[in-house]
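Peer 1: missing the sequence, but the structure's below:
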C-alpha cells in the first residue's frame, strides 16, 4: 500500500509540475518607449517585449491614446515570437499618451495592460481614425505560437493514467 501511495504522490507532483507552464500568463518585461518616459519626438512604433512567445490572432491589439482621447497607433500589430509592435502616426499635441495592449498569451489566455509616456514638445501629426489600431496580428519570422492549453491537459491526463496503472501493478505484485 505504501508503494501505491508513493506512486500516486509522485504522479500528482509530476502533473502539477507539468501544469505550471500552462497556467503561467505572459508577463510584459520591457517597452519602447519605456514606461513613464519623457520624449521630445514621438516614436515611429510601439514595441512590447514579453517573457514568452505571443500567439497570433485577431485578439492582439495595441492602442495609443493621446490628449483628447485621440488614437495614434495605426496599422497591423506585428508579432515576432515574444515581441509585439505596432506602427505609430507622427504625434501631435504635447502631453501624456497611454499605450494599451491586449495579447494572446502562450497559455491561450488574453493578457492586457497599459502604461504611459509623455511627449514634451508638440509635433505636427494628426490622429488616426478611432478603429485604426484594432489591427490583426501580422506574423513575422518564427512561430508566434506557443503550445495550446489542450496539449497540456491531454499530457496531464495521460501521465495520470500511466501513474495509476504503474501503482496498481506494483500493488498487485506486492500482494503476491
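Peer 2: Alright, I've got the coordinates. Because the structure is a prediction, the values reported are computed rather than measured.

Peer 1: Tell me how many other residues surround residue 66.
Peer 2: Other residues within reach of residue 66, judged by other C-beta atoms under 10 Å, total 21. Glycine gets a C-beta too; all of them are placed from N, C-alpha and C.

Peer 1: what secondary structure does the nearest residue to it once chain neighbours are set aside sit in?
Peer 2: Spatial nearest neighbour of residue 66, excluding adjacent residues (C-beta to C-beta, 6 or more residues apart in numbering): residue 97 at 4.8 Å. Secondary structure assignment for residue 97 (DSSP: H, G, I helix; E, B strand; the rest coil): strand.

Peer 1: excluding its backbone neighbours, what's nearest residue 109?
Peer 2: Spatial nearest neighbour of residue 109, excluding adjacent residues (C-beta to C-beta, 6+ apart): residue 25 at 5.6 Å.

Peer 1: what secondary structure does that neighbour sit in?
Peer 2: coil.

Peer 1: for residue 121, same thing?
Peer 2: Assigned by three-state DSSP, the conformation of residue 121 is coil.

Peer 1: what sits against it?
Peer 2: Going by C-beta atoms under 8 Å, 6 or more residues apart in numbering, residue 121 touches 40, 41, 94.

Peer 1: ok, these vs residue 157, which is closest?
Peer 2: Nearest to residue 157 among these, counting by C-beta to C-beta, is residue 41 at 54.3 Å.
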